[in-house]
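Student: Return atomic coordinates for the entry below.
(one chain, ligands or ions: 1)
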Amino acid sequence: MVIYKATVPSVPVPNIDLYSFLFNANEFNQTKDLNKPVTIEGETGRSLTWNQIREKVSYMATGWTENVGLKKGDTVAVFAPNQYDHVILYLSLLGAKCTISPGNPAYTEAEFEHQITNCQASALVTVPALLPVLLKITDKIGLPRSRIFLFGDKQVEGCRPYTSLSGNKPTVTPLQGVDGANDTAFICYSSGTTGLAKGVMLTHKNFIAQVVQTINAEPEEDRLNDDVILGFLPFYHIYGLTSLVLNAFYKVVPVVIMARFDLELLCQLVEKYKVTLASIVPPVAVLLAKAPVVAKYDLTTIRLLGCGAAPLSKEHIESLAKRIPAQLKQGYGMTETTSGVISQSLQGGVPGSIGILSANMECKIVNEHGQELGDDQEGEFLFRGPSIMKGYYNNPKANAETFTEDGWMRTGDVGKYDSKTGEFFILDRIKELIKYKGYQVAPAELEAILMGLDIIADCCVVGLYDESQATEIPRAYVVLQPTVEKSDKTAKVIADYVASNVTNYKKLRGGVKFVDVIPKSPSGKILRRQVKDWVKNEQKK
Ligand code: 4UU
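Tutor: Have a look, this model is predicted:
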């Protein structure tokens, strides 16, 4: 019935490679001082200017080709907490025409292995602290140490610092033989609407579209502000990768980098560096609104907070506004949409809305039969446009499930277009995904781990909303084998078992509940709606 098209004018998406796009002359690097620091390590103050980065990247890109033999189409996996030279690593790999697969440094061995083998990495970059676990995997799969590189300046276990491979000549732009519209720049991991983490192929054009669409959404008068952005969102996740690495570099906006989230350090850094912008997630919004330590610091330099990755309630928005006099701009995005595709305009969004469509993007809302719905009707969001992923890597089945024949991408998110305000609202999620503090937790992964315990006959993992922290937490409903006692002790054994097999944010923080049966469809599929209703009914009590 209705295809929603962006109400803001379309913006052209240059048809070049991302590397050249970022370094070509633009309104920002032509007007700003390129000898001021643009990447600053918050805790130490170590920094690099835009010009230093350009110089290092240019030689490093040839280094990957000359000294390591990396070539177009090779994928390099990167596992590291945010580094002050992360941008050099990423951009130099793009300059060497490689594909980058960034992953969570907090992963367990099994989680690392899944990503490294799934994306078929031919080289790896990490930090020394992660070497012991990664070497176990690379030794097993036969990836030689000459293909494993480190952040920092030390050689460890036969693995060299990546910067020691800098080439003899600079890289020439535009890159020859890179097709921006088709070649994959990054393979990020996301579980999508179902199952385990899958490689999301994002092209050079996807990111260029994201950059120009984001800039287009900003008021003209703010574009060339002397902003400073706080960088604690992880650089491997699409939200941090776009807002803190690529967009910030393009716009020559200094990023104050945090390798880990720490509330007091965050406040200290905002005060010290007079931070004006921050991209946050709902649980951080709640901490900023409520935690006593925040009151000790001057955070009034912040003019704008972008918040996304999970819903933020009206109540939390109001309490944050009482504490921090900045504008709050909510946005909605996915790994598969190369970050934000709907966001509130700065002229003021409706509280609780996610805002309006980014330039160039189209959205439709459908019911469970795939029929298009109209204004004010609740259904699943589907998107089409230049920032939509190319597809899941080596996964035709998932691609067939995710894309319709006419090229729309399903999101698994439920919402509506509100005709009174002209804005979109997210209301629910029909996909399996659980989001803990913005991180993805795939129920299928936890269920597979639970089924590895012989005391468990069946199980289902769903999200439970914890209002006080503004996040979902994973909970397991478990059918025990008949001889096993339903006790707190058994529940603890199960929760501990999961905790020892997954990274911290995937733990069963919502607890383990015993049930007699998991509701299933005649074909044996878990009826998650019904299990979610158990949670809702319990929370109503
Ligand atoms: C309710 O979380 C992200 C991307 C977040 C992002 C990026 C740029 C937000 C705003 C922005 O400007 O990606 P993923 O792939 O980890 O998770 C995607 C899922 C969505 O499908 C949806 O279920 O995260 C949920 N989500 C949200 N839910 C993302 N943003 C929102 C939101 N409200 N604002």
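Student: Every contact and neighbour count from this point should use C-alpha atoms.
Tutor: Fine.
Student: Can you list the residue ranges for strands in the stretch 101-250 of the chain?
Tutor: Under the criterion DSSP state E, counting those that start in this stretch, the stretch 101-250 of the chain contains strands at 123-126, 148-150, 160-161, 184-190, 198-203, 229-231.
Student: For the second one, enumerate the helices and strands it packs against.
Tutor: Think strand 148-150. When contacts are defined as 3 or more C-alpha pairs under 8 Å, 6 or more residues apart in numbering; DSSP states H and E, strand 148-150 sits against strand 123-126, strand 160-161.
Student: Please, which helix or strand holds Ser279?
Tutor: Ser279 belongs to strand 277-280 when assigned by DSSP states H and E.
Student: quick one: the very next helix or strand once past that strand near the ligand?
Tutor: Counting by DSSP H and E, the element after strand 277-280 in chain order, helix or strand, is helix 282-290. No. Using C-alpha under 6 Å from any ligand atom, helix 282-290 never reaches the ligand; the gap is at least 8.8 Å.
Student: rewinding a little: so which of the helices and strands packed on strand 148-150 is nearest the ligand?
Tutor: strand 123-126 (21.6 Å; C-alpha to the nearest ligand atom).
Student: Okay, now the unreliable bits of the stretch 301-450 of the chain?
Tutor: 347-348 (pLDDT under 70).
Student: now stretch 46-62, how far from the chain's geometric center?
Tutor: Averaged C-alpha coordinates place stretch 46-62 at 25 Å from its chain's average position (C-alpha atoms, centre = their mean, to the nearest Å).
Student: Dump it to PDB, keeping only the CA atoms.
Tutor: The C-alpha coordinates for stretch 46-62 follow below in PDB (Å, rounded to 0.1, in the frame of the first residue of the first chain):
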ATOM      1  CA  ARG A  46      48.800   9.900  22.800                       C
ATOM      2  CA  SER A  47      47.500  11.300  19.600                       C
ATOM      3  CA  LEU A  48      47.800  11.500  15.800                       C
ATOM      4  CA  THR A  49      46.800  14.200  13.400                       C
ATOM      5  CA  TRP A  50      44.800  13.800  10.200                       C
ATOM      6  CA  ASN A  51      48.000  14.500   8.200                       C
ATOM      7  CA  GLN A  52      50.000  12.000  10.200                       C
ATOM      8  CA  ILE A  53      47.300   9.300   9.700                       C
ATOM      9  CA  ARG A  54      47.200  10.000   5.900                       C
ATOM     10  CA  GLU A  55      50.900   9.600   5.600                       C
ATOM     11  CA  LYS A  56      51.200   6.500   7.700                       C
ATOM     12  CA  VAL A  57      48.100   4.900   6.000                       C
ATOM     13  CA  SER A  58      49.500   5.600   2.600                       C
ATOM     14  CA  TYR A  59      52.800   3.700   3.200                       C
ATOM     15  CA  MET A  60      51.200   1.000   5.300                       C
ATOM     16  CA  ALA A  61      48.800   0.200   2.500                       C
ATOM     17  CA  THR A  62      51.600  -0.600   0.100                       C
END
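Student: in it, what's buried?
Tutor: 47-54, 56-62 (16 or more other C-alpha atoms under 10 Å).
Student: Could you single out the nearest of the residues you listed to the ligand?
Tutor: Trp50 (23.9 Å).
Student: contacting residues around the nearest residue to the closest one once chain neighbours are set aside?
Tutor: Nearest non-adjacent residue to Trp50, counting by C-alpha to C-alpha, 6 or more residues apart in numbering: Leu34, 5.2 Å away. Leu34 makes contacts with Thr49, Trp50, Asn51, Val252, as judged by C-alpha atoms under 8 Å, 6 or more residues apart in numbering.
Student: Those in helices, which ones?
Tutor: Trp50, Asn51 (DSSP state H).
Student: tell me the two of the contacts of Leu34 that are most distant?
Tutor: Asn51 and Val252 (10.3 Å; C-alpha to C-alpha).
Student: and this structure, which of its residues are near the ligand?
Tutor: Close to the ligand, as judged by C-alpha under 6 Å from any ligand atom, the chain has residues 190, 239, 308-311, 330-335, 339-340, 354, 411, 413, 426, 429, 438-440.
Student: taking the residues you listed one by one, which sit in helices?
Tutor: Cross-referencing those against helices under DSSP H gives Tyr239.
Student: Pro283 versus Thr163, what's the distance?
Tutor: With distances taken as C-alpha to C-alpha, to the nearest Å, Thr163 is found 36 Å from Pro283.
Student: Can you verify my assumption that Lys390 contacts His204?
Tutor: No. Assessed by C-alpha atoms under 8 Å, Lys390 is found out of contact with His204, at 10.3 Å.
Student: Of these two, which one has the most company?
Tutor: Taking neighbours as other C-alpha atoms under 10 Å, Lys390 and His204 compare with His204 leading, 26 against 20.
Student: Give me the pLDDT value at the more buried one.
Tutor: Per-residue confidence (pLDDT) for His204: 98.
Student: Poorly predicted segments of the chain, please.
Tutor: By pLDDT under 70, the weakly predicted segments of the chain are 1, 347-348.
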